[in-house]
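Chemist: starting from these lines, generate the structure:
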Amino acid sequence: MQNFRLKVFRSVASNLSFTKAANELFITQPAITKHIHSLEKEFGLRLFNRKGNKIYLTPAGNVLLEYSNKISNLELKLENELNKFKEKLTGKLRIGASTTIAQYVIPQVISKFHDKFPNVKLTLLSGNTEQIADALNKSEIDLGIVEGKVKNRDIRYIHFISDELVVAANPKNNLFTKEEISFQELLSLPLILRERGSGTLEVIEHALKSKKIKLSSLNIVMYLGSTEAIKRYLENDNSIGFISTRAIERELSLGTLKIIKVKDFKITRSFDFITLQGSNPTQSAAQFIKFTKNLYNQK
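Modeler: Have a look, this model is predicted:
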């Protein structure tokens, strides 16, 4: 419901940085600049002054920030009042989720959401991150939940929860018995990875770049199309694999897989809701986002 240009303005004003605002809102810096210029054109006033590499609010900018914050607070109060009428939410909600989320995170959410809103007919589409983003662009789903970023400026990201990718192995793996290995040891071990287009692989590649390492430098045995396939493979082989901690809770408790720590190397990522830029989520989608975030905040 909020005016997105004002949201952009508040982010720039609070961070006093176009770059930080772009990172906070998950849009490009040129898009941030465009929104600010649009506001300045609408009001016929400069909102920011620049001195060297720093920006400052003008007097007009300070006034706009004051009233923009008031508008935001009023909208939140209005949303809370209107949400009281949503107990009888009806209609259809088409959700798309990347594989790890669809298998290990969302099913329990959907069950509890259905208990509270039984008149909403839910459907869940599973695929890799690129496939879910494509389905959203084609209006085949109302809301996506993904584990990676795609190169598409039309996609808006809303943070859901954080996750960690760990190195998992069979406890009987006879290649090594240490609980922690060096990063150089990791490069030589036989490795199973998710397929191209998966958010998991994208995050791994990005983490390796921080170490100036390419995928081609790893000892990759094969790529598999799902986390379940990787888990079953590891349980019967001496390879290792990167897996979400949320995906191996059962295997860890049963002792069929173990986590191998890699010294000075940690991979974290964000699970995000995705919607299309410039369009508001449907009533059911907005309620699902709020319901899901509240559910996980209670854990």
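Chemist: report the distance from stretch 220-228 to the chain centre.
Modeler: Taking the mean of its C-alpha atoms, stretch 220-228 sits 22 Å from the chain's own mean (CA atoms, centre = their mean, to the nearest Å).
Chemist: and the strands in the protein?
Modeler: 48-51, 54-57, 91-98, 120-127, 143-146, 155-169, 180-181, 191-194, 220-224, 240-244, 258-262, 267-276 (DSSP state E).
Chemist: could you identify which of those is most buried?
Modeler: Counting by mean count of other CB atoms under 10 Å, strand 143-146 has the highest mean neighbour count of the strands of the chain, with a mean of 27. C-beta here means a position set from N, CA and C on the backbone, and glycine is covered the same way.
Chemist: that one pairs with which strands, parallel or anti?
Modeler: Using DSSP bridges, strand 143-146 pairs in its sheet with strand 91-98 (parallel), strand 267-276 (antiparallel).
Chemist: quick one: mean pLDDT for that strand?
Modeler: Averaged across strand 143-146, the pLDDT comes to 95.
Chemist: give me the distance from it to the chain's centre.
Modeler: On CA atoms, centre = their mean, the centre of strand 143-146 falls 8 Å from the chain's centre.
Chemist: do the same with stretch 58-70
Modeler: 31 Å.
Chemist: quick one: residues in contact with it.
Modeler: Residues outside stretch 58-70 that contact it (CB atoms under 8 Å, 6 or more residues apart in numbering): 6, 9-10, 13, 39, 43, 45-49, 57.
Chemist: list the buried ones in it?
Modeler: 61, 64-65, 68 (16 or more other CB atoms under 10 Å).
Chemist: beta-bridge partners for the closest residue to Tyr296 other than its chain neighbours, please?
Modeler: Excluding its sequence neighbours, the residue lying closest to Tyr296 (CB to CB, 6 or more residues apart in numbering) is Ile161, at 5.3 Å. Ile161 forms beta bridges with Phe271, as assigned by DSSP bridges.
Chemist: make 52 the first number, not 1, from now on.
Modeler: Got it, first residue is 52 now, which makes that one Ile212.
Chemist: Ile212 against Arg320, yeah?
Modeler: No. Ile212 lies out of contact with Arg320 (CB atoms under 8 Å); the separation is 10.1 Å.
Chemist: can you list the neighbours in contact with stretch 282-300?
Modeler: So stretch 282-300 is contacted by 151, 154-156, 198, 214-221, 224-226, 240-245, 251, 255, 272, 275, 278, 281, 302, 307-308, 310-311, 318 (CB under 8 Å, 6+ apart).
Chemist: next one: that stretch to chain centre, how far?
Modeler: The answer for stretch 282-300 is 22 Å, by CA atoms, centre = their mean.
Chemist: ranges for the helices of the stretch 152-301 of the chain?
Modeler: Counting by DSSP state H, counting those that start in this stretch, the stretch 152-301 of the chain has helices at residues 157-167, 180-188, 234-239, 250-260, 278-285, 300-305.
Chemist: can you pull the contacts of the closest residue to Lys167 other than its chain neighbours?
Modeler: Nearest residue to Lys167 in three dimensions, chain neighbours excluded: Phe342, at 7.2 Å (CB to CB, 6+ apart). By CB under 8 Å, 6+ apart, the contact list for Phe342 reads 160, 163-164, 167.
Chemist: name the spans of the protein whose pLDDT lies under the cut-off.
Modeler: Residues of the chain meeting the criterion pLDDT under 70: 52-53, 127, 131-132, 134-139, 225-228, 349-350.
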